[in-house]
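In: got a predicted structure plus its sequence, pasted below:
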Amino acid sequence: MITIAFYNLKGGVGKTTTAVNMAYMAAAAGKNTVLWDLDPQAAATWLCQQESAKTRAIKVFSKGKAVADLEVATPFPGLSVIPADLSLRKMEKEFEGQSGNRWLKNLIKPLADKNDILIYDCAPSLSPAMEQLLSDVDIVLIPMIPSPLSIRAMEQVITFFGDKKNSPQKIVGFFNQVDMRRNLHRQAAENLKQMPVPMLKSWIPMNSAVEQMALRQAPLTSYASHGRAALAYQEMWKELARLLRKTEREAVVAS
């Protein structure tokens, strides 16, 4: 099972909308996919037409409840979700005292029995809990708006993990909410090689269609195959799928 985390230290960069769309497209491509909502705001949970967890989400960490017991099917074939709720604001406390990543591997092991891809929608914080989780995933995808503050947040994450013994295996960035009418956005999108991390070539435009996801409670690509944002998500999935295949091959060689 490949694990992916959508993460940024800065909020409001389109992390959740992209995670939900990529999860949907992975499932539509025939990959059994589970989206684990780790943000107390539970936006990914809402977009997948689920309510906050009936069993408090924190119990997975605090009382040893099996994570598979919280996994619920969505209306979208092949896609399940582990809902979030406000109890996850206490997740940091539950991670305290845990050493190494073996306990986290054991925690998600039941998901690997029936899923090909696990996608985390992470909270916008760089807490020890997030540090531990991110250091154990196969790919960390960092969405950024092409603006100085958003890019600076990404650079802070890179610098932070650069000083750590355990760091994510792959960190890849991509631009989101891009407005090509703005010189700053256009210049950033045209100079991907100057970024301090590998960047996806595809980027998601600023588009009102993405905002409509909250009204429909559905991934954009589940009901719209045309339009600038929908086409951009499709291109991003193609690029991400290639990255996943490469990661799978590298894992086989390493084993």
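Out: Here it is on my side, so go on.
In: measure the closest residue to A68 other than its chain neighbours to V140 for me?
Out: In this structure, A68 finds its nearest non-sequential neighbour in P110, 4.3 Å apart by CB to CB, 6 or more residues apart in numbering. In short, each C-beta sits where N, CA and C put it, glycine included. Distance from P110 to V140, counting by CB to CB, to the nearest Å: 23 Å.
In: higher neighbour count, these two?
Out: Remark: of P110 and V140, V140 carries more neighbours, 26 against 14, as counted by other CB atoms under 10 Å.
In: isn't the residue nearest to A68 right up against A66?
Out: Yes - counting by CB atoms under 8 Å, P110 does reach A66; the two are 6.2 Å apart.
In: now K10, nearest residue through space, not along the chain?
Out: Nearest to K10 is A153, by CB to CB, 6+ apart, at 3.7 Å.
In: tell me if that neighbour really is in a strand.
Out: No - A153: not assigned to a strand; according to DSSP: H, G, I helix; E, B strand; the rest coil it is helix.
In: and it, what does it touch?
Out: When contacts are counted by CB atoms under 8 Å, 6 or more residues apart in numbering, A153 touches N8, L9, K10, M144.
In: now with 6 Å, please.
Out: Shown in contact with A153 (CB atoms under 6 Å, 6 or more residues apart in numbering): N8, L9, K10.
In: show me the shaky parts of this protein.
Out: Within the chain, the stretches with pLDDT under 70 are 52-55, 63-64, 94-101, 255.
In: picking up where we left off before, and the residue nearest to A68, how far is that from V34?
Out: 11 Å.
In: check contacts around the residue located most distally from the centre of the chain.
Out: For the chain, the residue at maximal distance from the C-alpha centroid (CA atoms, centre = their mean) is N183, at 28.1 Å. Taking CB under 6 Å, 6+ apart, we find N183 in contact with no residue.
In: quick check: the gap between it and L35.
Out: In terms of CB to CB, N183 sits 36 Å off from L35.
In: so where do the helices sit in the stretch 151-255 of the chain?
Out: Along the stretch 151-255 of the chain, the segments classed as helices by DSSP state H, counting those that start in this stretch run 183-190, 208-211, 213-216, 228-254.
In: go through these and name the closest to V81.
Out: V81 lies closest, by CB to CB, to one member of these: helix 213-216, at 14.6 Å.
In: residues making contact with that closest one?
Out: Applying CB under 6 Å, 6+ apart, the external contacts of helix 213-216 come out as L47, L220.
In: so which bits of that helix are buried?
Out: By neighbour count on 16 or more other CB atoms under 10 Å, the buried set for helix 213-216 is M213.
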